[in-house]
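In: Next come a sequence and a model predicted from it.
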Amino acid sequence: MDFLELAKERYSCRSFSEKVVEKEKIDKILETARLAPTACNYQPQRLLVLSSDEQLQKLNNCTQYGWNAKLVIIIFYDKEVSYKRDKYDNKEFGEIDASIVTTHMLLEVQSLGLGTTWVGSFDPEKLIKTYDIPSNLVPVAILPIGYPSQDAHPSKLHEQRNEISDFVYFENI
């Protein structure tokens, strides 16, 4: 599929079927995360893959947005590994890198005929405690992943997009 078509087809899936995601598809999603670019290629992304009923059930303590997906990937960055723009302002790039990785996985999920949505509404402290996350890892996103249910559909806002001229400037702002 053409990339632009893939980007147009992707929507935030919030309803999943009971069908389990095959290991081959999980492996492809994880390979996409491995290949995603990161600042200075430091690769600070860390992923927690949840697929057992027990571990998925625990997620309900941290967010209301799991939609009973049969697979969840939680994306972190390692603040001891991530690039810092120390020559200038010491900006931390871990969250940016984790976001790039998440976006790559999100698009790969779509290309595999699966659905997902980027969940940013979660309690980071509960997540860290629930899954016993080391203190050097910072949670960024949660991706519930699965086969869309028969009633899954894009939100009514999905087609609403600004015109390019609303956000692109040439030569100066």
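Out: Looks like it came in fine. Numbering: from 1, shown residues only.

In: What segments of the protein are strands?
Out: For the chain, applying DSSP state E gives strands covering 45-50, 71-78, 84-85, 91-92, 115-116, 137-146.

In: quick one, which of the ones you listed is packed in tightest?
Out: Highest mean neighbour count among the strands of the chain (mean count of other C-beta atoms under 10 Å): strand 115-116, with a mean of 28. Every residue, glycine included, has its C-beta placed from N, CA and C.

In: Pull out the buried residues from the lowest-mean-pLDDT helix or strand in the chain.
Out: Ranked by mean pLDDT, DSSP states H and E, the weakest helix or strand in the chain is helix 3-9, scoring a mean of 94. Buried residues in helix 3-9, counted by 16 or more other C-beta atoms under 10 Å: none are found.

In: Next: stretch 106-122.
Out: Neighbour counts using 16+ other C-beta under 10 Å place 106-110, 112, 114-119, 122 of stretch 106-122 among the buried residues.

In: Nearest to residue 142 among those residues?
Out: residue 119 (4.0 Å; C-beta to C-beta).

In: In contact with the closest residue to the closest one other than its chain neighbours, which residues?
Out: Excluding the flanking residues, the one nearest residue 119 by C-beta to C-beta, 6 or more residues apart in numbering is residue 142, at 4.0 Å. Applying C-beta atoms under 8 Å, 6 or more residues apart in numbering, one finds that residue 142 lies in contact with 59, 63, 65-66, 72-75, 118-120, 122.

In: Also residue 66?
Out: 56, 59-60, 72, 119, 142, 144.

In: Just the pLDDT for it.
Out: If you check residue 66, the pLDDT there is 91.

In: For residue 99, see how far away it is.
Out: To residue 99, residue 66 is 20 Å away according to C-beta to C-beta, to the nearest Å.
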